[in-house]
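Undergrad: Fold the following and give me the result.
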Amino acid sequence: MNLFSEIRALVLAALEKMTADGKLPTGLSFDAVAVEPPRDPLHGDMATNAAMVLAKPSGRKPREIADELAASLRQDDRITAADVAGPGFLNLRLAPAVWQTLIKNVLEHGQSFGRSSVGAGQRVNVEYVSANPTGPLHVGHTRGAVFGDALASLLDYAGYAVTREYYINDGGAQVDVLARSVYLRYLEAHGRDVAFEDGTYPGDYLIPVGQALKEKVGAEFIDKGEQFWLADVREFASTAMMDMIREDLALLGVKMDHFFSEKSLYGTGRIEAAIDKLRAKGLIYEGVLEPPKGKKPEDWEPREQTLFKSTEHGDDVDRPVMKSDGSWTYFAPDIAYHSDKVDRDFDLLIDILGADHGGYVKRMKAAVSALSDGKVPLEIKLTQLVRLYKDGEPFKMSKRAGTFVTLRDVIDQVGADVTRFVMLTRKNDAPLDFDFNKVLEQSRENPVFYVQYAHARVCSVLRRASEAGIAVDDARLQAADLTLLSHPSELAVAKKLAEWPRLIEIAARTNEPHRVAFFLYELASELHALWNKGNDEPSLRFVQEDDPGTSQAKIALARAVSVVISAGLAILGVTPAEEMR
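TA: Numbers count the residues shown, from 1 in each chain. You can find the predicted model right below:
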């Protein structure tokens, strides 16, 4: 039940009638007509821009259209007032029965209230995390993991068919460095003195991997050249790191549907096949790139290379796919990987990357556009840096990781639920300050606590009512006399609940799961405000000891809040609290 869609349908029906009556010309498009919350709640419950967007194409003054539209809408029992404001905006007030019915609707549908069909079953691949398998996940990966997982859940809730995917970057030189680092730990496990040179990974997390390698092969690789052990140790080490990464993701509550190995693209003809697809479209050629202005990118060479005409698909410059020595650039396997995604018949691809991959956006969009003939859009979402603080100071680096703060460090400090919620309190492309002290505060300034406290308060109301002998199962609450809910503060809570289905559609269309976190905070604020007013006005308290019927009506409202909070937290991957400690 999307109340805003229902009222928009009412507005469109009135406009159709005005057209049939000759008050509007035929052939007008009503696509731009919107019904949304007014900027100032004092102006009404909903507002429509219909008169404003139809004035010019109809050749009429907006206030004239608004006046006629208002007169038509007032005939509907759901509309108690329709007032024209400013140059032609129309503010609507809805009957209390509308909000009371909505509460019942929430309870009837449970956490499915707000689910949308806007995705229409479109198949979406959301690729996120995709960290190099060279160590544990760090705090930057954590933000990308939370954002990607919440976005996938949001899209699923909005009616998309979602595949969560992790691209294992196990085909590049960094995995050779990992193998050499593990070999040093292997030697160390045999009692040898070792030195970690620049470029190797010195983190303590490789100590057990080196020990495990010793237990597997014994002294077989001691004093042997790389050609005897590099391939085997590379495979052993990358497998161990992916096991660690899977454990990290599990701690955060992230479960992937599919892992795709970059290594599977090499030596199998899959890179060559993807490049040949582009060649067949006339998009691959041999040439020399002009030296770039400013800082030269790593893949630029002042000699002939094999180039992709990415400029024909929106890029700034053409991009090399093969170096002059015949080896692939790092871009080539990325093309092959996305070619595989296109071949899997997804309707939409979403890649979630760190902010340091900003230069990757245009070239990858160009590649997918070329591979799919423009039929499969690619959205690339960048996640900005996370700055960690504790006790007013930057949080120290992890000894275990060697150079960075790990996902496990963060979860050990505050837990997975707090970590996930806080990571979604800013838009993905805005920097995020994560203060370990603040995120554990029990105050309104801490959105995690504030939302969880609202849910816990409702649970406490249900417990108190049950102890008082008042039936509070959802079936009884649905049957309560909701006309008893008429106080403006109670209706304000219902009005906020009504925004949930609309919010889901907007957040899904814009790929912005942080909107869910913001909405939950606002909903919690309405619940807390009503609770606090009950401290001064006993008639507003949820449990009326001597009046079970009124109690059930008021508890129905509170229960509806908890249903929506639970649904929203589920999208964010957070467990709702039943009591606060």
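Undergrad: would you say residue 475 is within a strand?
TA: No - looking at residue 475 with DSSP: H, G, I helix; E, B strand; the rest coil, it is helix, so not inside a strand.
Undergrad: which residues touch it?
TA: If a contact means C-beta atoms under 8 Å, 6 or more residues apart in numbering, then residue 475 has no contacts. Using the backbone N, CA and C atoms, a C-beta is placed for each residue, glycine as well.
Undergrad: pLDDT at it, what is it?
TA: Per-residue confidence (pLDDT) for residue 475: 95.
Undergrad: what about residue 39, distance to residue 418?
TA: 32 Å (C-beta to C-beta, to the nearest Å).
Undergrad: Between these two, which is the more surrounded one?
TA: residue 418 (21 against 9; other C-beta atoms under 10 Å).
Undergrad: What strand or helix carries the more buried one?
TA: Using DSSP states H and E, residue 418 falls within helix 416-423.
Undergrad: what's that helix packed up against?
TA: Contact analysis of helix 416-423 by 3 or more C-beta pairs under 8 Å, 6 or more residues apart in numbering; DSSP states H and E lists helix 139-157, helix 226-252, helix 407-414, strand 432-435, helix 447-467, helix 548-572 as its packing neighbours.
Undergrad: any idea of the mean pLDDT for the shortest one?
TA: Throughout strand 432-435, pLDDT has a mean value of 95.
Undergrad: ok, and what's touching it?
TA: With C-beta under 8 Å, 6+ apart, strand 432-435 has contacts from 139, 143, 384-390, 410, 422-423, 425-426.
Undergrad: Out of the residues you listed, which two sit at the greatest distance?
TA: By the measure C-beta to C-beta, 384 and 390 form the most distant pair in the contacts of strand 432-435, at 20.2 Å.
Undergrad: pLDDT at the residue lying closest to residue 158 once chain neighbours are set aside, what is it?
TA: The shortest distance from residue 158 to any non-neighbouring residue, by C-beta to C-beta, 6 or more residues apart in numbering, is to residue 508 (3.5 Å). Residue 508 is assigned a predicted lDDT (pLDDT) of 98.
Undergrad: now swap in residue 292 and tell me
TA: 68.
Undergrad: Distance check, residue 253 against residue 452.
TA: Residue 253 is 16 Å from residue 452, by C-beta to C-beta.
Undergrad: Between these two, which is the more surrounded one?
TA: Neighbour count, other C-beta under 10 Å: between residue 253 and residue 452, residue 452 has more, with 26 against 18.
Undergrad: those helices in the stretch 151-300 of the chain, which residues are they?
TA: 173-189, 207-217, 226-252, 270-280 (DSSP state H, counting those that start in this stretch).
Undergrad: so which of those gets nearest residue 316?
TA: That would be, of these and by C-beta to C-beta, helix 270-280, which comes in at 18.0 Å.
Undergrad: I'd like to know which elements that closest one is packed against.
TA: By 3+ C-beta pairs under 8 Å, 6+ apart, helix 270-280 packs against helix 331-343, helix 361-371.
Undergrad: go again using 10 Å as the cut-off
TA: strand 284-287, strand 305-308, strand 319-322, helix 331-343, helix 361-371 (3 or more C-beta pairs under 10 Å, 6 or more residues apart in numbering; DSSP states H and E).
Undergrad: Between helix 361-371 and that helix, find me the angle.
TA: On the basis of axes from the mean of the first three to the mean of the last three C-alpha atoms, to 10 degrees, helix 270-280 is oriented at 70 degrees to helix 361-371.
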